[in-house]
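>>> Give me the fold of what follows.
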Amino acid sequence: MIPETGELERLRSHLCELQLPQIVHGRRAIVLFEGPQGAAKKQALRQLAAAFDPCQVVVHNISYDRRQSSDGHWLARFWRALPAAGCTSIFFRSWYRRVLDDRILGRTDEAGLARAFDEINEFEAQQRDYGTLIVKLYFDVAPEMQEQRLRERASDPWLGVLRNDDTMSVRDPAYAEALADLKMLTDTRWSPWQFINGNDEESAAEAALAAIAAAWEKAMPAEPPHLVRAPTQAA
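Numbers count the residues shown, from 1 in each chain. The predicted structure follows:
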């Protein structure tokens, strides 16, 4: 766990305030936590969850999709998880597993990979055209730090069972190639990436919350909506 700091407390309080205009004006938002295991994503997510009103937020923990193509479009499960008006959908991992994990582990071919990049960009553009704010955070980590954290997890009898997903090693040349294509092909003007250094958990959480706060400040209305008429006073 990250020790409590004044900066994290300030950022949480600030985000709590910034969420109010979103709720009142009915704005939708999506936040992605992407990156390899051991890159401090979960610690940053805990801090964000402590800042936002939980009644207006849903967190989706995205695992490997084992469905076949005959079961429907691979983005369908994300369409169903889009936020309602005034709400935020947080994705802990996301549709980018298609072009990261599935690519690195050989679960998609080159044709499927190219199609996935196109479909991701179109999907995100549609959300922005609909007025949804998208904040994409990519947490990266040094190989030595990733390996140290994964060893610590493996030594815990509970975490060893709980966190049994396939590992993307940042030492793997295939990971570096997949990340380079991710930056080149999906860092768009309508949906840019924010890259977070995950080597230090506290600094990573602060950077993540600061990036989210900056996006909220820019996108959310600064004033309450104007009432059509004065509210009726109680007798």
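
>>> In the helix or strand encompassing residue 179, which residues are buried?
Residue 179 is part of helix 173-186, with elements assigned from DSSP states H and E. For helix 173-186, the neighbour count (16 or more other Cβ atoms under 10 Å) marks 175, 178-179, 182, 185-186 as buried. C-beta coordinates here come from the backbone N, C-alpha and C atoms, glycine included.

>>> hmm, who's touching the next helix or strand after that helix?
Later in the chain than helix 173-186, the nearest helix or strand by DSSP H and E is strand 193-197. Among residues not part of strand 193-197, those counted as contacts by Cβ atoms under 8 Å, 6 or more residues apart in numbering are 35, 39-40, 44, 135-141, 182-183, 186-187, 203-204, 207-208, 211.

>>> so of the residues you listed, which ones are in strands?
135-140 (DSSP state E).

>>> so how far is residue 159 from the residue positioned nearest the centre of the chain?
When Cα atoms, centre = their mean is applied to the chain, the residue found nearest the centroid is residue 32 (1.3 Å). When distance is defined by Cβ to Cβ, to the nearest Å, residue 32 is 23 Å away from residue 159.

>>> so who does residue 107 touch?
Residues counted as contacts of residue 107 (Cβ under 8 Å, 6+ apart) are residue 101.

>>> Tell me, what's the model's pLDDT at it?
Here, the pLDDT recorded for residue 107 equals 90.

>>> How much space separates it from residue 140?
Relative to residue 140, residue 107 is positioned 22 Å away (criterion: Cβ to Cβ).

>>> Likewise for residue 189?
Between residue 189 and residue 140 the computed distance is 22 Å (Cβ to Cβ).

>>> what do you get for residue 222?
From residue 222 to residue 140 the distance is 33 Å (Cβ to Cβ).

>>> These two: which has the busier surroundings?
Under the neighbour definition other Cβ atoms under 10 Å, residue 222 and residue 140 were set side by side, and residue 140 has more, 19 against 6.

>>> Assess the claim that that one and residue 198 are in contact.
Yes. Using Cβ atoms under 8 Å as the test, residue 140 is close enough to residue 198 to be in contact (6.1 Å).

>>> Mind listing the shared neighbours of those two?
Common neighbours of residue 140 and residue 198, counting by Cβ under 8 Å, 6+ apart, are 35, 39.

>>> Next up, phi/psi of the spatially closest residue to residue 143 that is not a sequence neighbour, please.
Of all residues not flanking residue 143 in the chain, residue 171 sits nearest, at 4.6 Å (Cβ to Cβ, 6 or more residues apart in numbering). According to degrees, to the nearest 10, the main-chain angles of residue 171 amount to phi -80, psi -20.

>>> Now do residue 171: how many residues are near it, please.
Residue 171: 11 surrounding residues under other Cβ under 10 Å.

>>> swap in residue 211?
Look at residue 211: counted by other Cβ under 10 Å, it has 18 neighbours.

>>> hey, what's the nearest residue to it once chain neighbours are set aside bridged with?
Spatial nearest neighbour of residue 211, excluding adjacent residues (Cβ to Cβ, 6+ apart): residue 194 at 4.3 Å. Here residue 194 sits in beta bridges with residue 137, going by DSSP bridges.
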